[in-house]
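K.L.:
below: sequence and its predicted model.
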Amino acid sequence: MNEKINVLIETSPLGNANAHRGIGTYTRLLTQNLEKINSFNIQRSTLEIPEGFKPDIIHYPYFDLFFSTLPLSHPAKSVVTIHDVIPLKFPEQYDPGLKGSMRFIKQKFSLSKVDAIITDSHASKTDIIEHLGVNSEKIHVVHLAASEELQAADTKSINRVRRNYKLPKNYLLYVGDINYNKNIPQLIKTLKYLPREIKLVLVGRNFKLQEIKEWQWIETQLALSNVADRVKFIPNLGSDAIADLSAIYSGAIAYVQPSLYEGFGLPVIEAMQCRTPVVCAHNSSLMEVGGQDVVFTKTDAEDITRGINEVLSWSKTKRAEKIRSAYKWSQTFSWKKTAKETAKVYQSLL
């Protein structure tokens, strides 16, 4: 096919609350890298098809289970990205209510009309088949990647963020949200079993006082474990503060991903890319993303502590070897590769 393929990407996640979440990052980096492929004419749109543009493909980079994010009909071949269906795996923790349940029915019907589904991992593909009743042949696994701008920081940068954010000297790190599946209370509880000089830094927009059950769980665990003075919350790191985030990753003793379940687990790759050891729960997509050099654990505080202690026991030589090998693994994921594999899905429909 000599003519360029016209692709319309629905970019509303860049202009709403999702802009600073993984969905926004996915939409932004995927679009930027697709725009570099010569065989495509990429058009960004938030609501309607721009005048004079006739798409061959429309890509919806976000699918919400309980909100109407997917139209019932499409003027071109349609692709939707479903990052995960975690609320359907833990229904007792994610109650959609009556309106959400009704919208779920509508979303499932809309999903039956799309031509292809992209998802972040084989674990999510299995879940989509099981919980949404989609034919497996319609689902394409395309792994994500860390931003190339996230890299190991030098000592000067690490010291700068340590001063600016008042970071402790020896800290474990978590980056992300506070949803039930993230298992933050068990991560906080690990501090009970670790030396007092080790602290925990939690980065994410939701690590702030608020009237939701997930924050109440955090406050309860802080009190039960008596470790409030050993936990540092950073809720105000902007999405453009890549240099700060790189340095926060780089200054950590280890990055910990304690999740009960993940659709992908991007911070695991980010930490590897910043040359920080990773302790990671052994489940879901994390087994695909983790590779051979993370320390896998169960999801209870005691076993997470075991994993952390394993990293702490490494000699300087072993730590350097593990970091080097994990970094090499992280470079097998790239946004150029993600865009290329997404492009293959587009081309398969024409």
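P.N.:
That came through fine.

K.L.:
so residue 60 bridges to which residues?
P.N.:
residue 80 (DSSP bridges).

K.L.:
where's it relative to residue 123, distance?
P.N.:
Residue 60 is 21 Å from residue 123, where distance means Cβ to Cβ, to the nearest Å. (Glycine included, C-beta is placed from N, CA and C.)

K.L.:
swap in residue 65?
P.N.:
The separation that residue 65 has from residue 123, given Cβ to Cβ, amounts to 17 Å.

K.L.:
equivalent analysis for residue 350, please.
P.N.:
Taken as Cβ to Cβ, the span from residue 350 to residue 123 is 29 Å.

K.L.:
neighbour-wise, which of these two wins?
P.N.:
Shown here are residue 350 and residue 123; by other Cβ atoms under 10 Å, residue 123 has more neighbours (23 against 10).

K.L.:
quick one: name whatever helix or strand follows whichever strand or helix holds the more buried one.
P.N.:
Assessed by DSSP states H and E, residue 123 sits inside helix 122-132. The helix or strand immediately downstream of helix 122-132 is strand 139-141, counting by DSSP H and E.

K.L.:
contacting residues for residue 122?
P.N.:
Taking Cβ atoms under 8 Å, 6 or more residues apart in numbering, we find residue 122 in contact with 141, 285, 288.

K.L.:
same check on residue 144?
P.N.:
Residue 144 neighbours (Cβ under 8 Å, 6+ apart): 26, 120, 264, 266, 269, 333, 338.

K.L.:
quick one: the helices in the stretch 1-150 of the chain?
P.N.:
With DSSP state H, counting those that start in this stretch as the criterion, the stretch 1-150 of the chain has helices at 22-34, 86-89, 97-111, 122-132.

K.L.:
save those as a markdown table, and put in distance to residue 208 and mean pLDDT too.
P.N.:
Output for the helices of the stretch 1-150 of the chain, formatted as a markdown table (distance: least, Cβ to Cβ, whole Å; pLDDT from 0 to 100):
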| stretch | distance to residue 208 | mean pLDDT |
| --- | --- | --- |
| helix 22-34 | 19 | 90 |
| helix 86-89 | 22 | 97 |
| helix 97-111 | 25 | 96 |
| helix 122-132 | 29 | 97 |
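
K.L.:
these: which one's closest to residue 233?
P.N.:
Relative to residue 233, the nearest member of the helices of the stretch 1-150 of the chain by Cβ to Cβ is helix 22-34, separated by 19.3 Å.

K.L.:
report the buried residues of the closest one.
P.N.:
By neighbour count on 16 or more other Cβ atoms under 10 Å, the buried set for helix 22-34 is 22-31, 33-34.

K.L.:
then stretch 234-243?
P.N.:
234, 237.

K.L.:
with just CA atoms, put that stretch into PDB.
P.N.:
The C-alpha coordinates for stretch 234-243 follow below in PDB (Å, rounded to 0.1, in the frame of the first residue of the first chain):
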ATOM      1  CA  ILE A 234       5.100  12.900  47.500                       C
ATOM      2  CA  PRO A 235       1.700  13.700  45.900                       C
ATOM      3  CA  ASN A 236       2.800  16.800  44.000                       C
ATOM      4  CA  LEU A 237       5.300  15.500  41.500                       C
ATOM      5  CA  GLY A 238       4.200  16.800  38.100                       C
ATOM      6  CA  SER A 239       4.100  14.600  35.000                       C
ATOM      7  CA  ASP A 240       6.800  16.900  33.500                       C
ATOM      8  CA  ALA A 241       9.200  16.400  36.400                       C
ATOM      9  CA  ILE A 242      11.000  13.500  34.700                       C
ATOM     10  CA  ALA A 243      14.400  14.600  36.000                       C
END
